[in-house]
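[1] Just to be clear, the model below is a prediction. Sequence and coordinates:
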Amino acid sequence: MKRALIVAVLGGMVVASGFGCEEKKTDTLGDKMKQAGSAAADKMKDAGSAIADKTKDMANAATDKAKAEVKDLMDNIQKKVDSLSKGGESLKPDQKGEFDKAMSGIKSTWDEMSKGFDGMKDKSADAMAKGLADLKAKGLELMDKVKATAAKFNIDLG
């Protein structure tokens, strides 16, 4: 019995001394899986953000390129229209009426294109891309009309 009492006292001392110490909790498998999942989600979020940024940059570059192409086309059309107009000044009176009618149509289309191009600033990226494509198609048609008019009236566009 003496022995049982000693064991009980020592056991109590061991238990009592354990209450003063903080036990360090080890991460369970579930905790580690949650941490790994959170880390993976963060990396996916970062990767998605990087992809979105890269896509936006590429779209902006494509839009800038299309805008530059349309601007260049419009500059060339303007030069050709100026040459056509100047060449029309030396036409015979019987040709003037038909020439003026053709120039009126050309200038009307040109004014439409200019307004459309100036309005691109306020459009979304998708609307701008579609608008630039439409302007380019209209510009190519106008350039053909200018060249056909010049050829009809034997005017050198330079």
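    Structure received.
[2] going forward, measure contacts and count neighbours with C-alpha atoms only.
    Noted.
[3] Which strand or helix spans Q35?
    Element membership of Q35, judged by DSSP states H and E, is helix 29-88.
[4] Now do that helix: which elements does it pack against?
    With contacts taken as 3 or more C-alpha pairs under 8 Å, 6 or more residues apart in numbering; DSSP states H and E, helix 29-88 sits against helix 93-118, helix 125-152.
[5] Of the ones you listed, which stretch is the most buried?
    Highest mean neighbour count of the helices and strands packed on helix 29-88: helix 125-152, a mean of 17 (counted as mean count of other C-alpha atoms under 10 Å).
[6] I figured L73 hits G139, correct?
    Yes. Counting by C-alpha atoms under 8 Å, G139 is a contact partner of L73 at 6.8 Å.
[7] Need the nearest residue in space to the residue nearest to the spatial centre of the chain, chain neighbours excluded.
    The centroid of the chain falls nearest to A59 when counting by C-alpha atoms, centre = their mean (3.1 Å). Distances taken as C-alpha to C-alpha, 6 or more residues apart in numbering put A125 closest to A59, at 7.9 Å, once the chain neighbours are dropped.
[8] right, and the one you found touches A62 too?
    No. A125 lies out of contact with A62 (C-alpha under 8 Å); the separation is 10.1 Å.
[9] Now for A66: which residues touch it?
    For A66, the contacting residues are 129, 132-133, by C-alpha atoms under 8 Å, 6 or more residues apart in numbering.
[10] I'd like those residues written out as TSV, with pLDDT and distance to D144 added.
    Formatted as TSV, the contacts of A66 follow (pLDDT from 0 to 100; distance: C-alpha to C-alpha, whole Å):
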residue	pLDDT	distance to D144
A129	87	23
L132	92	18
A133	92	17
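[11] any idea how far T63 is from F117?
    To F117, T63 is 13 Å away according to C-alpha to C-alpha, to the nearest Å.
[12] whoops, I mixed them up, G87
    From G87 to F117 the distance is 27 Å (C-alpha to C-alpha).
[13] Repeat that for D126.
    Distance check for D126 against F117: by C-alpha to C-alpha, it reads 15 Å.
[14] likewise I77?
    Separation of I77 from F117 (C-alpha to C-alpha): 14 Å.
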